[in-house]
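Visitor: predicted model and sequence below, questions to follow.
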Amino acid sequence: MFWSGAMWTPRFRHRADPSESNSTGMAGVMKGQAMTAVSNGSPLVTWHVDAPDEAPGWARRNCRELRAGVTEHGAVLVRGLKLRDSETFAAVSRALADELMPEREGFAHRDEAPGPVYSSSRWPDDQIMCMHHELSYAHEFPALLILGCLTAPNHGGCTAVADSSAVLDALPSAVVDRLETEGWLLTRNYGSTVGLPWAKAFGTSSRDEVERYCRAGGIEYEWRGDELRTRQRRPALIRHPVTGRRSWFNQISFLSEWSLDPDVRDYLLSVLGPDGLSFNTAWGNGEPFTADLVHMINEAYARATRREPWQAGDLLLVDNVRMAHNREAFEGDRQILLAFADPVRARLAEVI
Ligand SMILES: [Fe+2]
């Protein structure tokens, strides 16, 4: 089966047409009322703004231009906005998004604040969180990610991005063709000791609600005492909801056992058994991925990676379909907020 762009139903107010962007590119100057927007030589396009008094109002006034910049470049960093608290970040996010969505089927704990906006995932500080597209396995996923930095770490901790079109170009055609035909399979165990409990991941303590969610999203489910096991097959490539480009959009490598630290993987397998990991991925027909394949995907991401160290007050907009993102290891306090924006819904019949 070929998954075409017809399966996605975007609901955008800001349907930024790439031709609408007035940017002159990575090395150029962006026109704008309240910004001096230039590339500062970093690999990320950065808009330097002059510390506006009222960040949400600034965001509203410059929304169209910012969104056009994201469509053109995949990600835009705004420096100088001086975001200081979650309320301001939520207001800025609402100004830039058509709609903010809650996270469902998360894989790690986040704190939630009104908006809804979230903290970054709890993940060991000294371990990298590999490149991924947010919620690529969900029935509804965000087209846009909005991130804000309240506290920058002393060292490391970038949210780096990678253009997945480069990843797609780097992979052997036989691999891409098979994934395009079969998709990929995600298996999850929502446990009480390791990983996120199902009530937290689905935002409800009602088994009936979880089952309704799973049926609506084409997710097979099985209760095992107080724990839940799920299986879902998803496309590995989709059409971009705005540009229509064929896009690599999945979490094959990030959620694979082969991306875990080898010692951690060995320990978890010894404790939980071969089918007991919190998450794992496979070819669409259930055949396991090899370590070599997963490492090849992660290396392709690494070659496409662009990074800029966080500074307190930064705002980062990321096209979640075109660009993967990661979280690098860090030292010191790090407070990053995240909003999931502009949900895109998959039409079930074409997913499964
Ligand atoms: Fe993420």
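Guide: All right, it came through fine.
Visitor: which parts of the protein are helices?
Guide: Under the criterion DSSP state H, the chain carries helices at the ranges 55-61, 63-73, 86-96, 164-170, 173-182, 198-202, 207-216, 262-272, 291-303, 348-351.
Visitor: any idea which helix or strand in the chain has the lowest mean pLDDT?
Guide: strand 29-30 (a mean of 30; mean pLDDT, DSSP states H and E).
Visitor: thinking again about what came up before, tell me which of the helices of the chain lies nearest to L338.
Guide: Of all those, it is helix 86-96 that lies closest to L338, at 9.0 Å by CB to CB. (Glycine included, C-beta is placed from N, CA and C.)
Visitor: using PDB, write down the CA coordinates of that closest one.
Guide: Once non-C-alpha atoms are left out, helix 86-96 reads as follows in PDB (Å, rounded to 0.1, in the frame of the first residue of the first chain):
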ATOM      1  CA  SER A  86       4.800  29.200  31.300                       C
ATOM      2  CA  GLU A  87       1.800  31.600  31.200                       C
ATOM      3  CA  THR A  88       3.600  33.900  28.700                       C
ATOM      4  CA  PHE A  89       4.800  30.900  26.700                       C
ATOM      5  CA  ALA A  90       1.200  29.500  26.500                       C
ATOM      6  CA  ALA A  91      -0.100  32.900  25.400                       C
ATOM      7  CA  VAL A  92       2.700  33.100  22.700                       C
ATOM      8  CA  SER A  93       1.900  29.500  21.600                       C
ATOM      9  CA  ARG A  94      -1.900  30.300  21.300                       C
ATOM     10  CA  ALA A  95      -1.000  33.400  19.200                       C
ATOM     11  CA  LEU A  96       1.100  31.400  16.800                       C
END
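Visitor: ok and that helix relative to helix 63-73, angle-wise?
Guide: Calculated by axes from the mean of the first three to the mean of the last three CA atoms, to 10 degrees, helix 86-96 forms an angle of 80 degrees with helix 63-73.
Visitor: got the contact list for the nearest residue to C63 once chain neighbours are set aside?
Guide: Distances taken as CB to CB, 6 or more residues apart in numbering place L96 nearest to C63, at 5.4 Å, with adjacent residues excluded. Listed by CB atoms under 8 Å, 6 or more residues apart in numbering, the contact set of L96 reads 59, 63, 66-67, 144, 146, 317, 341.
Visitor: returning to that earlier point: now render the helices of the chain as TSV, adding mean pLDDT and distance to R334.
Guide: As requested, these are arranged in TSV below (pLDDT from 0 to 100; distance: least, CB to CB, whole Å):
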stretch	mean pLDDT	distance to R334
helix 55-61	94	21
helix 63-73	94	24
helix 86-96	96	15
helix 164-170	96	25
helix 173-182	96	34
helix 198-202	94	22
helix 207-216	96	32
helix 262-272	92	21
helix 291-303	96	21
helix 348-351	43	35
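Visitor: dump the contacts of L96 into TSV; add distance to Q232 as well.
Guide: Output for the contacts of L96, formatted as TSV (distance: CB to CB, whole Å):
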residue	distance to Q232
A59	35
C63	34
L66	33
R67	30
L144	23
I146	26
L317	28
A341	23
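Visitor: tell me which two of these sit farthest apart.
Guide: Spatial extent of those (CB to CB) is set by the pair A59 and L144 at 13.0 Å.
Visitor: which of these two has more residues huddled nearby?
Guide: A count of neighbours by other CB atoms under 10 Å puts L144 above the other of A59 and L144, at 27 against 23.
Visitor: what's the most centrally placed residue in the chain sitting at in phi/psi?
Guide: Most central in the chain under CA atoms, centre = their mean is E134, positioned 2.3 Å from the mean C-alpha point. Backbone torsions for E134, taken as degrees, to the nearest 10, come to phi -70, psi 130.
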